[in-house]
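Asker: Fold the stuff below for me.
(one chain, ligands or ions: 1)
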Amino acid sequence: MKVLHNITAGKPQQLLKPVLFSFLANIVSVLPFALVIEAVRLIFAPYITVGAELQIERLWWICAGLVAVMVLMFLSEIPAYRTAYRGAYNVAAQGRAELAEHLRKLPLGYLTRRDPGDLANMMMGDFTLVETGISHLLPQLAGAFVLPIFALAGLLFLDWRMAISMFVALPVALLIMYLSGRLRRRLGADHMKAKLNAANRLQEYLNGIRVMKAYNLTGERFVRLDSSFRTLMKESVKLEGIFGPVILTAMALLRAGLTLMVYVGVHLLLGGELGILQLAVFLIVGTRIYDPLTTALANYAEFRYNEQAGERIVDLLRQPVMTGTTAPLPESSTIRFDNVTFGYGGEPVLKQLSIEMPQGSLTAIVGPSGSGKSTVLRLISRFYDPDEGSVLLGGRNIKDIDPEHLLGSVSVVFQDVYLFQDTIGNNIAFGRPGASQQDIQQAAEMARCHDFIMKLPLGYNTPVGEGGSTLSGGEKQRISIARAILKNAPIVLLDEATASLDPQNEAEIQKGIDALITGRTVIVIAHRLKTIRGADNIIVLEDGRLVEQGRHEALLLRGGLYDRLWKLQQQSVGFRITS
Ligand SMILES: Nc1ncnc2c1ncn2[C@@H]1O[C@H](COP(=O)(O)OP(=O)(O)OP(=O)(O)O)[C@@H](O)[C@H]1O
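Answerer: Here you go, the predicted structure:
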């Protein structure tokens, strides 16, 4: 049962129809044998029974019957084929959507721990293996035994010695098939690992190609990619090299039954214990009976290999998602960290942090690189849950709030803006699905991006490359601000761009940000301290701890870390090329 659960990526009920129809189609395929045997009996009759005549009319009826059976076989294959493919594509389509939904709800930490190509490969490659399992392997496997079972039952009546010699090797072949399935699974695990690793290295190579070109590197990354391809090749050779002979042995053993049956048949015939007609029947059945069984042998092994892909999907679907209530959020959007300790699986990055960001105020978070500023924003967005302590929104622990419901009230403007491969208009509308063109334009005007959008060939309908590759950094920033303005959420989290923008871009972005934050609870990570001189409260972090907080002037007077950072920034007015 577990195997069926895995091969269908957790939906074994989808197998019912394909297997049932394949079974029925295979039952229909037994009929030609019965008719051919009857035809042989009629043809042999005049030679065996003295005075018997060839019954031509009956023979014609059998021919007509064979034609009818062919049509019936064709008709019975249609639903078998249709249900198998529909079932398979349904499982894959639903499964992929379900998995994508599940991934969205998993803690971000789980996703960042996995190799980037891994999940994409699972979505496409693993589901394709599941599809093949449902559309081909299992229905064929189930149908493969129909003809042999019917034949064995019929032939036992005809002559049990012949029937047994025909199938004598079957139990051994089945045992080999079972063991080869286990072997295939074990070898297949290494092969699949190598395949995934190669996919990941390829993804890494493609992602890094720009850097490699820039630094004229051909080296290390390519060596890793090349070595992953070689490992995959070795695993493939190992898999087929060990597995091939096992399957061939099982097939040879099965077919040896035919030789044994002919030997026994001739003996019995010479001894007068078997009629020529019976021998002919056994020979007819014997030449056809092993084909479905040898197909089943190969299919079963492949089935066990593909099952692992389903198992990986099922395992991922079992990963606990972040849950919480979708009850209305508290009126107040004051955010409070209460003794929060958090690490990304290793050393704590935030240490017993207690801070408050009151509703309607602008709180700036500053501190040296790596002090935990972005982590604070990630915990407010509930990308992660704290290890200790709690993050409260309007007095309610956000651990109890459904993450998507919570994010409905939060607009986030990241430093590295991601734009989807879609039109500019749709990229802005992402902030509020279903927004009207007028709303989109209004948000774009407030974010100061309307003018540059109108200069593009198709205006708001201009397509953007994946990740926003066709726009400048400043333009992408402004689009993401427009997106946040359109969302109109009461809480705004802002990770200020570190990259130096030209003065005009900077002024435009500042105006956009002003439009975004007015009247909201704003938490901003400030890399350039001059931009947060007017903040209601400045939280200074160092090594994940709160070291000081207050307004700009007060912090300067204290002469602590903030003052040092401020002085440092005053000295470094920008990069300079000195020679
Ligand atoms: N996904 C992650 N997995 C593991 N460690 C992480 C992860 N993200 C951040 N860290 C680590 O956590 C620490 C705090 O990171 P964080 O991004 O919060 O710092 P920051 O103050 O925002 O830094 P910066 O100013 O350079 O952006 C750093 O040491 C960083 O290496």
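Asker: Flag every residue of the stretch 351-500 of the chain that's near the ligand.
Answerer: By CB under 6 Å from any ligand atom, the residues of the stretch 351-500 of the chain that approach the ligand are 367, 369-375. For glycine as for every other residue, the C-beta is placed from the backbone atoms N, C-alpha and C.
Asker: So among the residues you listed, which ones count as buried?
Answerer: By neighbour count, with 16 or more other CB atoms under 10 Å, these hold 367, 371-375 as buried.
Asker: if I pick the closest residue in space to S371 that isn't next to it in sequence, what's in contact with it?
Answerer: Closest residue to S371 apart from its sequence neighbours, by CB to CB, 6 or more residues apart in numbering: L541 at 4.3 Å. With contacts taken as CB atoms under 8 Å, 6 or more residues apart in numbering, L541 has the following neighbours: 353, 365-367, 371-373, 376, 547.
Asker: try 10 Å
Answerer: Residues counted as contacts of L541 (CB atoms under 10 Å, 6 or more residues apart in numbering) are 350-351, 353, 355, 365-368, 370-373, 375-376, 525, 547-549, 561.
Asker: what's it sitting at in phi/psi?
Answerer: phi -110, psi 150 (degrees, to the nearest 10).
Asker: Specify the beta-bridge partners of it.
Answerer: With DSSP bridges applied, L541 shows beta-bridge pairing to L546.
Asker: Grab the nearest non-local neighbour of the most centrally placed residue in the chain.
Answerer: The residue at the geometric middle of the chain, judged as the C-alpha nearest the mean C-alpha position with CA atoms, centre = their mean, is M123 (2.4 Å). Of all residues beyond its chain neighbours, the one nearest M123 is R96 (5.6 Å), with distances taken as CB to CB, 6+ apart.
Asker: before we move on, which element is the one you found in?
Answerer: helix 56-105 (DSSP states H and E).
Asker: now do L350
Answerer: Applying DSSP H and E as the criterion places L350 in strand 348-357.
Asker: Check the model's average confidence along the next helix or strand after that strand for me.
Answerer: Toward the C-terminal end, the helix or strand that comes next after strand 348-357 (DSSP H and E) is strand 362-366. Per-residue confidence for strand 362-366 averages out to 92 on the pLDDT scale.
Asker: Equivalent analysis for stretch 386-406, please.
Answerer: When pLDDT is averaged along stretch 386-406, the result is 92.
Asker: who's in contact with the residue lying closest to D543 once chain neighbours are set aside?
Answerer: Setting aside the residues directly before and after it, D543 is nearest to S371 in space (CB to CB, 6+ apart), at 6.1 Å. Contacts of S371 were listed using CB under 10 Å, 6+ apart, and they are 349-350, 365, 540-545, 547, 561.
Asker: Buried only: go through those residues for me.
Answerer: Buried positions within the contacts of S371, assessed by neighbour count (16+ other CB under 10 Å), are 349-350, 365, 540-542, 544, 561.
Asker: List just the nearest of these to R483.
Answerer: For the buried ones among the contacts of S371, the closest approach to R483 (CB to CB) belongs to I365, at 22.0 Å.
Asker: any idea how far the closest one is from V547?
Answerer: When CB to CB, to the nearest Å is applied, the distance between I365 and V547 equals 12 Å.
Asker: Name all residues that make contact with L206.
Answerer: L206 makes contact with 117, 225 under the criterion CB under 10 Å, 6+ apart.
Asker: On the secondary structure side, give me the element for it.
Answerer: Taking DSSP H and E as the criterion, the element that holds L206 is helix 170-207.
Asker: you'd agree R113 is up against L119?
Answerer: No: with contact defined as CB atoms under 10 Å, R113 and L119 do not form a contacting pair (11.1 Å).
Asker: More neighbours: which of those two?
Answerer: L119 (16 against 11; other CB atoms under 10 Å).
Asker: Contact partners for the more buried one?
Answerer: Contacts for L119 (CB under 10 Å, 6+ apart) come out as 99-100, 103, 111, 126, 316.
Asker: Whichever of these end up buried, select them in PyMOL.
Answerer: Buried residues within those, by 16+ other CB under 10 Å, are selected in PyMOL with:
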select buried, resi 99+103+126+316
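Asker: of the contacts of L119, closest to the ligand?
Answerer: In terms of CB to the nearest ligand atom, no member of these lies closer to the ligand than L111, at 9.6 Å.
Asker: still on that earlier bit, farthest pair in the buried ones among the contacts of S371?
Answerer: Using CB to CB, the pair of the buried ones among the contacts of S371 lying farthest apart is V349 and L561, separated by 17.7 Å.
Asker: Please enumerate the helices of the stretch 451-579 of the chain.
Answerer: Counting by DSSP state H, counting those that start in this stretch, the stretch 451-579 of the chain forms helices over residues 473-487, 503-517, 552-558, 561-571, given from the N-terminal end onward.
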